[in-house]
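Participant: need a structure here:
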Amino acid sequence: MTATRRSDSTPHLPGPADLPSHPEQNWTPRLWGTLVVLCAAMFLDALDVSMVGVALPSIGTDLNLSTSALQWVVSGYVLGYGGLLLLGGRAADLLGRRRVFLVALAVFAAASLLGGLVDNGGLLIGARFLKGVSAAFTAPAALSIITTTFPEGPARNRALSIFTTCGASGFSLGLVLSGLLTSAGWRWTFLMPVPVALIALVFAARLLPRQARDERAAGGYDVAGAITGTTAVLLLVFTVTEAQGAGWLSLRTIGSLIAAAALAVSFILIELRTPHPLVRLGIFRNGGVARANLVAFTLFGSYAGFQFIVTLYLQRLLGWSALEMAFALLPAGALVALSATRMGSVVDRFGTSRLLPIGVLALLLGYATFLRLGEHSGYVALVLPSMVLLGIGFALAFPSVNIAATNGVADEEQGLASGLVNTAMQVGSAIVLAIVTAVITAGSGGGESPQAQLDGYRPALLLVVAVALLGLVVAAAGAVIDRRRPAPVAVPDYDYPSAKSASEVGADEVLSGR
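Facilitator: Just a heads-up that it's a prediction; the model follows:
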């Protein structure tokens, strides 16, 4: 199978010629290499969100950080990640996905090294924020490279299922790896990603396809939209994260929320009027994209809150070590990892509209099962059932929500679609985590006795269940809508027409209502 070259100096890049005529056939080694590099970056981004959790008590003791300061070790990353994802996604469309990915991955490696070497809490939080910023550019760039390299349908579903399952494995295995590494020293949780990121960077420079200038999104730069949109998200995440300390009804919190709302309104008005918007709001006319973003918000919001509760419960109340936690949480990560290569065929057979509500339901049941926690709960009776349900839920829901969020979107807006769904995930994590933290503090009354801690954990778990239930309702509504929709007319095999890509045609039809 050969690829057409533009000139003798143009290297062979993964593209249509590398794709099999049938999804069951093997992809070329180069195409697999491209996917592996992107999966490695996604795994690291997801890993960093969850891996610091188990290390928090050790970090607090070593650097003499308070509980509120420790929260910023987590929230600093989420703030940079969630606040700049929209800008990162659009930058990938405008500046070139390969270029943005390579630069951001190099920054990620440097920030990881810095985080593992610092001896100051403020510098550690700063390093975490910088890592979040770099991830805000690598995540949408990687996802949009996949969605523009693989045509919509079985090939893309297979690639996205592997890619997103690697991300889900990162979230699930983050706590496991953190437990193992923290046993040797918390700094290893920051240093471990450095060699992986550097190796991925070397191979990415050789394998990732170059984006021709005429394939990039046309038009200028929406500077006003970038400033107002990014500031609105950053201010919202910062406000809800700090609300626990400042007070939810304090003048500072209310004033910040009003300012964030005003910036959001300004952003919408700018996007409606500018000829080259940062976020083309018409993308939400695609009902599947809009629902996928809302489900992503609840999916990661509920998981972040649950992870925080489980970490505190097992270590503080039950007195488990970091290593014991690692093995206790292993089943969830193992189930997600083992499903990576199989999910593509599962999605092709059943469709995202069926799998997404089933996955969210499994997560909800996993959270609800943990409501039986007590002062002397056993692993087999309490933790193991929840971990199994969470592993099944993430294996089904995470690939499905990413596929649904990018289907029917034109190639030149894949970075935007990727940025939107990742923003929904991270903003959901930040907001729900902040509220869960406030509920735990209010419920326990600041007490350290086992009963006081349980009085904080139980209402926080109920909140997590309620958030997951909202996601289930949205996912189920999408399944009903898709079931009632007329079956699509069959289209011939994808042949990459030069005038308009198949994904562009699909987006135009969706947005025009045809």
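Participant: any idea how many residues pack against the residue nearest to residue 38 when sequence neighbours are not counted?
Facilitator: Using Cβ to Cβ, 6 or more residues apart in numbering and skipping residues adjacent in sequence, the residue nearest residue 38 is residue 142, 4.3 Å away. C-beta: built from backbone N, CA, C; applies to glycine. Using other Cβ atoms under 10 Å, the number of residues around residue 142 comes to 29.
Participant: show me the contacts for residue 424.
Facilitator: Contact partners of residue 424, counting by Cβ atoms under 8 Å, 6 or more residues apart in numbering, are 293, 294, 296, 297, 300.
Participant: any chance you could read off phi and psi for it?
Facilitator: phi -60, psi -40 (degrees, to the nearest 10).
Participant: give me the distance between it and residue 396.
Facilitator: 18 Å (Cβ to Cβ, to the nearest Å).
Participant: tell me the pLDDT at residue 494?
Facilitator: What the model reports for residue 494 is a pLDDT of 39.
Participant: now do the one 10 residues further on
Facilitator: In this prediction, residue 504 carries a pLDDT score of 39.
Participant: do residue 410 as well
Facilitator: 80.
Participant: now swap in the one 10 residues further on and tell me
Facilitator: Residue 420 is assigned 86 on the pLDDT scale.
Participant: next one: the host helix or strand of it to chain centre, how far?
Facilitator: For residue 420, the element it lies in under DSSP states H and E is helix 414-444. A distance of 10 Å separates the centroid of the chain from that of helix 414-444, by Cα atoms, centre = their mean, to the nearest Å.
Participant: residue 328: what's it in contact with?
Facilitator: Shown in contact with residue 328 (Cβ under 8 Å, 6+ apart): 314, 320, 379, 383, 384, 387.
Participant: next, the buried residues of the host helix or strand of residue 468.
Facilitator: If you go by DSSP H and E, residue 468 is part of helix 450-484. Buried positions in helix 450-484, judged by neighbour count with 16 or more other Cβ atoms under 10 Å: 453-458, 460-461, 463-465, 467-472, 474-476, 478-479, 482.
Participant: please apply the same query to stretch 248-263.
Facilitator: 253, 256, 257, 260, 263.
Participant: again with stretch 318-331
Facilitator: For stretch 318-331, by 16+ other Cβ under 10 Å, it's 318, 320, 322, 324, 325, 326, 328, 329, 330, 331.
Participant: tell me the one among those nearest to residue 70.
Facilitator: Set against residue 70, the nearest of these by Cβ to Cβ is residue 322 (14.9 Å).
Participant: show the pLDDT at that closest one.
Facilitator: pLDDT, read off for residue 322, is 70.
Participant: surely it and residue 58 touch.
Facilitator: Yes - if you go by Cβ atoms under 8 Å, residue 322 and residue 58 touch, sitting 7.4 Å apart.
Participant: who touches both of these two?
Facilitator: Shared contacts of residue 322 and residue 58 (Cβ under 8 Å, 6+ apart): residue 182.
Participant: got the contact list for the residue nearest to residue 38?
Facilitator: 38, 41, 42, 101, 163.
Participant: may I see the buried residues of the helix or strand where it lies?
Facilitator: Residue 142 is part of helix 121-149 when elements are defined by DSSP H and E. For helix 121-149, burial by neighbour count (16+ other Cβ under 10 Å) applies to 121, 124-149.
Participant: what element comes up after that helix heading to the C-terminus?
Facilitator: Counting by DSSP H and E, the next helix or strand C-terminal to helix 121-149 is helix 154-184.
Participant: next, the angle from that following helix to helix 414-444.
Facilitator: 40 degrees (axes from the mean of the first three to the mean of the last three Cα atoms, to 10 degrees).
Participant: run the chain-centre distance for the next helix or strand after helix 154-184.
Facilitator: Sequence order places helix 188-191 as the next helix or strand after helix 154-184, per DSSP H and E. Computed by Cα atoms, centre = their mean, the chain-centroid distance of helix 188-191 equals 21 Å.
Participant: residues making contact with helix 188-191?
Facilitator: For helix 188-191, the surrounding residues in contact (Cβ under 8 Å, 6+ apart) are 51, 52, 55, 112, 113, 115, 116, 127, 177, 178, 181, 182.
Participant: mind putting those residues into JSON lines with pLDDT?
Facilitator: Below are the contacts of helix 188-191 laid out as JSON lines (pLDDT from 0 to 100):
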{"residue": "51", "pLDDT": "78"}
{"residue": "52", "pLDDT": "80"}
{"residue": "55", "pLDDT": "80"}
{"residue": "112", "pLDDT": "92"}
{"residue": "113", "pLDDT": "94"}
{"residue": "115", "pLDDT": "90"}
{"residue": "116", "pLDDT": "90"}
{"residue": "127", "pLDDT": "92"}
{"residue": "177", "pLDDT": "78"}
{"residue": "178", "pLDDT": "75"}
{"residue": "181", "pLDDT": "82"}
{"residue": "182", "pLDDT": "80"}
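Participant: out of those residues, who's nearest residue 338?
Facilitator: When those are compared for distance to residue 338 (Cβ to Cβ), residue 177 wins out at 16.4 Å.
Participant: ok, that closest one - contacts?
Facilitator: 47, 51, 189, 192, 326.
Participant: what residues does the closest residue in space to the last one that isn't next to it in sequence make contact with?
Facilitator: Same thing as residue 326. Ranked by Cβ to Cβ, 6+ apart and with sequence neighbours excluded, the top spatial neighbour of residue 326 is residue 179, at 2.7 Å. Residue 179 makes contacts with 54, 321, 322, 323, 324, 325, 326, 327, 329, as judged by Cβ under 8 Å, 6+ apart.
Participant: please apply the same query to residue 237.
Facilitator: Residue 237 neighbours (Cβ under 8 Å, 6+ apart): 75, 78, 79, 82, 83, 426, 427, 430, 431.
Participant: mind running it again at 7 Å?
Facilitator: Counting by Cβ atoms under 7 Å, 6 or more residues apart in numbering, residue 237 touches 78, 79, 82, 83, 427, 430.
Participant: rebuild those as TSV, extending it with pLDDT, distance to residue 202 and neighbour count.
Facilitator: Converted to TSV, those look like this (pLDDT from 0 to 100; distance: Cβ to Cβ, whole Å; neighbours: other Cβ atoms under 10 Å):
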residue	pLDDT	distance to residue 202	neighbour count
78	76	29	28
79	77	30	24
82	75	29	28
83	75	29	28
427	82	33	24
430	78	33	28
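Participant: what's the closest of these to residue 287?
Facilitator: Nearest to residue 287, judged by Cβ to Cβ, of the contacts of residue 237 is residue 427 at 20.6 Å.
Participant: the closest one contacts residue 82, correct?
Facilitator: Yes - between residue 427 and residue 82 a contact is recorded at 4.7 Å, counting by Cβ atoms under 7 Å.
Participant: shared neighbours, the two?
Facilitator: 233, 237.
Participant: pick out the most distant pair among the contacts of residue 179.
Facilitator: 321 and 329 (12.9 Å).
Participant: what's next to stretch 109-116, contact-wise?
Facilitator: Against stretch 109-116 from outside (Cβ under 7 Å, 6+ apart): 124, 127-128, 130-131, 134, 187, 190-191, 193-194, 197-198, 201.
Participant: wait, I meant stretch 415-423
Facilitator: Residues contacting stretch 415-423 (Cβ under 7 Å, 6+ apart): 82, 85-86, 88-90, 92-93, 97, 139-141, 143-144, 233, 279-280, 283, 289, 292-293, 296, 401-402, 405-406, 409.
Participant: next: stretch 430-437.
Facilitator: With contact meaning Cβ under 7 Å, 6+ apart, stretch 430-437 is reached by 71, 75, 78-79, 82, 237, 240-241, 243-244, 301-302, 304-305, 308-309, 460, 463-464, 467.
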